[in-house]
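# got a sequence here, can you model it:
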Amino acid sequence: MKRVITYGTFDLLHYGHINLLRRARSLGDYLIVALSTDEFNLNGKHKKSYFSYEERKSLLEAIRYVDLVIPEKTWEQKVLDIKEYHVDTFVMGDDWAGKFDFLKEEGCQVVYLPRTPEISTTQIKSDLKEMQRC
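Predicted coordinates:
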């Protein structure tokens, strides 16, 4: 069984997220999503999610491409996750290109997938703020 892992916040879930998850799952037989906890988002990524960790986890678990959701608590846990879950392929959006190439040393393929260009959580939040002004 070929295992794939990806990481993210997955807040305000949208079709760009679904595209990423679908493409990540197509690279293997089992997709693990390491979902950023609320604490990690706030203290590590310096951002606040609209939905709580449990709400975001529930949404991800309902997606047919996702086999397992685990908490992402630190930047450094990726090597441990690859070993613990016997991961073959690490997947991230191409805005992270090159940042995780060191994981190849763990015997893991590293793939950066193109983002869905016309959608992002940041853009959704910006559009919603703009709509409130009208």
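# mind listing the strands in the chain by residue range?
Under the criterion DSSP state E, strands of the chain are mapped to 3-8, 30-36, 68-72, 89-93, 109-113.
# can I get those in a markdown table including mean neighbour count?
C-betas here are computed from N, CA, C, even on glycine. Formatted as a markdown table, the strands of the chain follow (neighbours: other C-beta atoms under 10 Å):
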| stretch | mean neighbour count |
| --- | --- |
| strand 3-8 | 23 |
| strand 30-36 | 23 |
| strand 68-72 | 17 |
| strand 89-93 | 22 |
| strand 109-113 | 17 |
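# make TSV out of those and add mean pLDDT and distance to residue 16.
Below are the strands of the chain laid out as TSV (pLDDT from 0 to 100; distance: least, C-beta to C-beta, whole Å):
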stretch	mean pLDDT	distance to residue 16
strand 3-8	98	11
strand 30-36	98	15
strand 68-72	98	18
strand 89-93	97	9
strand 109-113	98	11
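# now distance to residue 100 too, for these, in CSV please.
Compiled in CSV, those are given as follows (distance: least, C-beta to C-beta, whole Å):
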stretch, distance to residue 100
strand 3-8, 9
strand 30-36, 12
strand 68-72, 13
strand 89-93, 6
strand 109-113, 6
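# tell me which of these approaches residue 120 most closely.
Minimum separation from residue 120 across those (C-beta to C-beta) falls at strand 89-93, 9.7 Å.
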